[in-house]
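K.L.:
Give the three-dimensional model of this entry:
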Amino acid sequence: LDTYLDAAFRIQERCTNAAVRTLVGNWVHSFPDDAYPGPNLDWQHEMVRFFDRYLKGVDNGWEHEPALVWYEREYAAPEPFPASWPGRWRAGAAFPVPGTVVQELRLGPGTLGQGDQEVQEEGVDALPHLATVGTSGALSWGAGGSPNGLARDLRPDELRGLTYTSEPLAEGVSVIGQPWAVLHLTASMPVATCVVRLSEVSPAGVSSLVATGVLNLTHRLSDVDPAPMPTRPRATEEVRIPLRVSGYRFSPGHRIRLTVLTSYWPVLWPSPFPGEIRVHHGPAAPSRLVLPVLPDDVVTPDVPAYRTDPVVMRDVGSYEEDVPAWRIEEDILRGTVAVTIFDGGGSTQEDGSRLYSSERLVLTASDADPAHARLESDVVYRWAGFGAEADISARGLIASDEGVFDVTVALDVRLDGEPFFSRAWTERIPRNLV
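P.N.:
All right, here's what the predicted structure looks like:
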């Protein structure tokens, strides 16, 4: 779930001239001993073992343990701040995990079927660009402490996108690696975003997120030389969208779903032009979901024993947290959706000094006018100690139209209640196919 997840797997795959180990849990962007969702483990003990081996020469067997250990999570009812997720630890001798096979699920008219089952009819599904779709997902790409929570039930977003759903699974399916959505697309606008979500659907219909992938379609061929989408009729292109690396087991009786959206608000800035993208499927346009499946009969290494007892450390000072906020508001008259995020708190050290910080963000977008989105920010730092008090306030605004981002930042610093420094900045930044 952490932002750095994909990079860790790439390092494991490509670093071949040294002993490398990758340990991946469910955790958000925090430390493995107390991050949610559990289970947790003592990561500091693992670091000490590494340093003992390579700095002190202690023969503790570190380099002989499995190259990759991951937590294979299973279905859980979605909630933004789960304490833990069900599943099990698994290990592999390398990455990609030996024995992994590619399984393709072809898109049909709302369906997701296995690749060797021929989709007989050509089809096309139109998806209008909705700038405000995406709010059922995680609040940030890597998540973290409150208010930065994980995805909830995805069905409200799915009603505003395209969904392709498999039949109930006859048996469980384990995936480890990077899924891909390979879509045959056309677009009516030159700049567009394609967001894909992989989810597991329970028998009750609840859609729980497994992985997300995002692509600015102007980067479909190159990240260094982006190009507008062709908007002429029948200009279908095969587009490959990577999703986040996943270690997951789909449950028997549940279904696999791929959802296509045009935005991930408020995590992504909406593409500026109204219009639609179209997903083509059938024999001539084989749109498909590609899964790295680890069959049940593949033998994998034993998982090392980890310390799971909570790490006991001396408390230093104290911390008081403000009430966080994660609020989604629809303005019916203006046709906008605004997301408000607030986080703040202060720490007091043993010498009596105190540091307070807070951040409030308000992000507003409109389906009818996707070009004009805005982000208002208000950041505060207050320091009191050693006979002085400093108060720092930074207010910012990013507002866009079809062609530019207008950025304004105002900084105000007060020392012992008196003005000390202030400055304002403004800049116009071309969107450049964003």
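
K.L.:
leaving aside the residues next to it on the chain, what's closest to V380?
P.N.:
S358 (4.9 Å; C-beta to C-beta, 6 or more residues apart in numbering). For the C-beta atoms, the positions are set from N, CA and C on the backbone; glycine is no exception.

K.L.:
Just the element for the one you found, please.
P.N.:
Assigned by DSSP states H and E, S358 belongs to strand 354-366.

K.L.:
Measure how far that strand is from the centre of its chain, please.
P.N.:
Offset of strand 354-366 from its chain centre (C-alpha atoms, centre = their mean, to the nearest Å): 20 Å.

K.L.:
go on, stretch 86-99?
P.N.:
Centre-to-centre, stretch 86-99 and its host chain are 22 Å apart (C-alpha atoms, centre = their mean).

K.L.:
Start and end of that stretch, how far apart?
P.N.:
Terminal residues of stretch 86-99 lie 24 Å apart, using C-alpha to C-alpha, to the nearest Å.

K.L.:
for it, which positions count as buried?
P.N.:
Of all the residues in stretch 86-99, those buried under the rule 16 or more other C-beta atoms under 10 Å are 87, 89-92, 95-97.

K.L.:
residue nearest the centroid of this protein?
P.N.:
Residue closest to the average C-alpha location in the chain (C-alpha atoms, centre = their mean): W141, at 3.3 Å.

K.L.:
Can you give me the pLDDT of the residue nearest to that one when sequence neighbours are not counted?
P.N.:
Leaving aside its chain neighbours, W141 sits nearest to T3 (5.5 Å; criterion: C-beta to C-beta, 6+ apart). At T3, the pLDDT value in this model is 74.

K.L.:
Could you check how far T3 is from A35?
P.N.:
Distance, T3 to A35, using C-beta to C-beta, to the nearest Å: 13 Å.

K.L.:
farthest residue from the center of this structure?
P.N.:
Using C-alpha atoms, centre = their mean, the residue of the chain lying farthest from its centre is G387. It sits 43.6 Å away.

K.L.:
give me the low-pLDDT residue ranges for the stretch 151-300 of the chain?
P.N.:
In the predicted model of the stretch 151-300 of the chain, residues 233-234 satisfy pLDDT under 70.

K.L.:
mind listing the helices for it?
P.N.:
Assigned by DSSP state H, counting those that start in this stretch, the stretch 151-300 of the chain shows helices spanning 155-158.

K.L.:
Run through the strands of it in chain order.
P.N.:
162-165, 173-177, 180-187, 193-201, 207-216, 237-242, 246-250, 255-261, 276-281, 288-293 (DSSP state E, counting those that start in this stretch).

K.L.:
Redo those strands as TSV? Include distance to D416 and mean neighbour count.
P.N.:
Below are those laid out as TSV (distance: least, C-beta to C-beta, whole Å; neighbours: other C-beta atoms under 10 Å):
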stretch	distance to D416	mean neighbour count
strand 162-165	59	21
strand 173-177	57	22
strand 180-187	57	23
strand 193-201	48	24
strand 207-216	47	20
strand 237-242	53	16
strand 246-250	53	22
strand 255-261	51	23
strand 276-281	57	21
strand 288-293	60	22
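
K.L.:
which non-adjacent residue is nearest P190?
P.N.:
For P190, the spatially nearest residue (C-beta to C-beta, 6+ apart) is P228, at 3.6 Å.

K.L.:
what residues does the top helix by length along the chain touch?
P.N.:
Looking across the chain with DSSP state H, the single longest helix is helix 43-55. Residues from elsewhere that reach helix 43-55 (C-beta atoms under 8 Å, 6 or more residues apart in numbering): 23, 31-33, 58-60, 62-63, 306-307, 311.

K.L.:
7 Å instead?
P.N.:
Applying C-beta atoms under 7 Å, 6 or more residues apart in numbering, the contact partners of helix 43-55 are 23, 31-33, 58, 60, 62-63, 307, 311.

K.L.:
Check those for burial and list the buried ones.
P.N.:
Looks like the contacts of helix 43-55 have 23, 32-33, 62 buried, using 16+ other C-beta under 10 Å.

K.L.:
Have a look at T3 and A35 and say which one is more surrounded.
P.N.:
Using other C-beta atoms under 10 Å, the more surrounded residue of T3 and A35 is A35, with 20 against 14.

K.L.:
Checking that one next. Helix, strand or coil?
P.N.:
Using DSSP: H, G, I helix; E, B strand; the rest coil, the structure places A35 in coil.

K.L.:
ok so, going back, doesn't G346 make contact with the residue nearest to V380?
P.N.:
No. Contact criterion C-beta atoms under 7 Å: S358 and G346 do not qualify, at 8.9 Å.

K.L.:
my read: R374 touches F405, true?
P.N.:
No. Look at R374 against F405 with C-beta under 7 Å: they stay out of range, at 10.0 Å.

K.L.:
between those two, what contacts are shared?
P.N.:
Between them, R374 and F405 share the contacting residues I398, judged by C-beta under 7 Å, 6+ apart.

K.L.:
neighbours of the residue nearest to V380, just the number please.
P.N.:
Using other C-beta under 10 Å: S358 sits among 16 other residues.

K.L.:
for F421, same thing?
P.N.:
10.

K.L.:
so it sits right up against A410, yeah?
P.N.:
No. With contact defined as C-beta under 7 Å, F421 does not count as touching A410 (11.8 Å).

K.L.:
ok so, going back, name the SS class of the residue nearest to W141, please.
P.N.:
Secondary structure for T3, judged by three-state DSSP, is coil.

K.L.:
Which residues are in contact with T3?
P.N.:
By C-beta under 7 Å, 6+ apart, the residues touching T3 are 29, 141-142.

K.L.:
Just send those residues back as a markdown table, with distance to V239 and secondary structure too.
P.N.:
A markdown table is the format used below for the contacts of T3 (distance: C-beta to C-beta, whole Å; DSSP: H, G, I helix; E, B strand; the rest coil):
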| residue | distance to V239 | secondary structure |
| --- | --- | --- |
| H29 | 29 | coil |
| W141 | 20 | coil |
| G142 | 25 | coil |
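
K.L.:
Remind me which helix or strand the closest residue to T132 other than its chain neighbours belongs to.
P.N.:
Leaving aside its sequence neighbours, T132 sits nearest to V337 (C-beta to C-beta, 6+ apart; 3.9 Å). Using DSSP H and E, V337 maps to strand 336-348.
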